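Colleague: Sharing a model prediction with you, sequence too.
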Amino acid sequence: MSAGLFALLDDVAALARLAAASVDDVGAAAGRASAKAAGVVVDDTAVTPQYVHGVAAQRELPIIRKIAVGSLRNKLLFILPAIMLLSEFVPWLLTPILMLGGTYLAFEGAEKIWEKVSGHHEAAAEHDERVRTIGPEEEGTMVAGAIRTDFILSAEIMVISLNEVAAEAFWPRLAILVVVAVGITALVYGVVALIVKMDDIGLSLSQRSSQAAQRVGLGLVAAMPRLLAVVSVVGTAAMLWVGGHILLVGADDLGWHAPYDLVHHLEEGVHDAVAGIGSVLAWVVNTALSAVVGLVVGALVVAVLHVLPLRRGH
């Protein structure tokens, strides 16, 4: 009896070790998949704070929480089942869908640059500063709009992540994507909450008796606009880079090898030519060229959607 019990305990211990290893594998794969979606994650983080602009301070976190719940619902209840079915039955569709997403990212990045260059961004910001005040009765409509916008970004995050784990079996793939969905949602909206409340934290510190606390508080309040500006710039660059890279790899997968081969050749040349930091410079070259591809494609879409209609209107 005791021998059987010890054998059973050994089996349980072996299963526990296997489960722990599986959890580690899922976590590592989820981390790799999430890293590939970095551009969209930064964009999501940069976009969301605008939805609580003009809202009473005590309503900011409840609104962000509602948007976060809606974002998680988007990922787990709608996007995840759809992409799992696609990956299982028509996996060849994933590359074209991913390239459409890459084109959208490139367009978003190029559009932000176009708005900055043309002055549309400043005009819209001034208009928002004058008229946008959101009361409690408007929260439902505003939150619903934010969740609809999030759906597009969440779909990009999940499809990019899926592409990184497409070789996994069904259940591990599903587990990895669930971890990605929950982890990225928590990360994005946790950072958004911190950004949104940073000026309130700074204001609170500035009113304390300690001079050190006052200096930190005033520094946080002063840093808030700069932080949002940096996040916006990084988000734009990341969208162009990730979008361009998706398009290069997708075109190569579909049989048009020349653009990817050119970038890869230049990357390898830099890697081999510079000792020590060659790998870092090679990554910079790949990133920069991917961003150029994203900017070119995005600019073409911006021209079709914005510039040409304006000229026809004149």
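Modeller: That came through fine.
Colleague: Remind me which helix or strand Ser209 belongs to.
Modeller: Secondary structure assignment for Ser209, by DSSP states H and E: no helix or strand.
Colleague: I meant to write Arg215 there.
Modeller: Assigned by DSSP H and E, Arg215 belongs to helix 211-253.
Colleague: who are the neighbours of that helix, in terms of helices and strands?
Modeller: Judged by 3 or more CB pairs under 8 Å, 6 or more residues apart in numbering; DSSP states H and E, the packing partners of helix 211-253 are helix 38-47, helix 94-118, helix 170-206, helix 258-273, helix 278-302. Heads up, the C-betas are built off the backbone N, CA and C, glycines and all.
Colleague: hey, least reliable of these by pLDDT?
Modeller: Across the helices and strands packed on helix 211-253, helix 38-47 has the smallest mean pLDDT, namely a mean of 64.
Colleague: Skip ahead from it and say which helix or strand is next.
Modeller: Remark: after helix 38-47, the chain's next helix or strand is helix 57-73, criterion DSSP H and E.
Colleague: distance between that following helix and the chain's centre?
Modeller: 18 Å (CA atoms, centre = their mean, to the nearest Å).
Colleague: Next, the buried residues of it.
Modeller: Across helix 57-73, burial judged by 16 or more other CB atoms under 10 Å covers 60-61, 63-64, 66-68, 70-73.
Colleague: cool, stretch 250-257 as well?
Modeller: 250-253.
Colleague: ok, now stretch 192-201?
Modeller: By neighbour count on 16+ other CB under 10 Å, the buried set for stretch 192-201 is 192-193, 195-200.
Colleague: out of those residues, which one sits closest to Pro259?
Modeller: When these are compared for distance to Pro259 (CB to CB), Val192 wins out at 35.3 Å.
Colleague: pretty sure that closest one is touching Glu60, no?
Modeller: No - contact criterion CB atoms under 8 Å: Val192 and Glu60 do not qualify, at 9.7 Å.
Colleague: ok, back up a step: JSON lines please, covering the buried residues of helix 57-73 and showing distance to Thr95 and pLDDT.
Modeller: Formatted as JSON lines, these follow (distance: CB to CB, whole Å; pLDDT from 0 to 100):
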{"residue": "Glu60", "distance to Thr95": "40", "pLDDT": "80"}
{"residue": "Leu61", "distance to Thr95": "40", "pLDDT": "85"}
{"residue": "Ile63", "distance to Thr95": "37", "pLDDT": "87"}
{"residue": "Ile64", "distance to Thr95": "34", "pLDDT": "89"}
{"residue": "Lys66", "distance to Thr95": "35", "pLDDT": "91"}
{"residue": "Ile67", "distance to Thr95": "31", "pLDDT": "90"}
{"residue": "Ala68", "distance to Thr95": "30", "pLDDT": "92"}
{"residue": "Gly70", "distance to Thr95": "29", "pLDDT": "94"}
{"residue": "Ser71", "distance to Thr95": "25", "pLDDT": "92"}
{"residue": "Leu72", "distance to Thr95": "27", "pLDDT": "94"}
{"residue": "Arg73", "distance to Thr95": "27", "pLDDT": "94"}
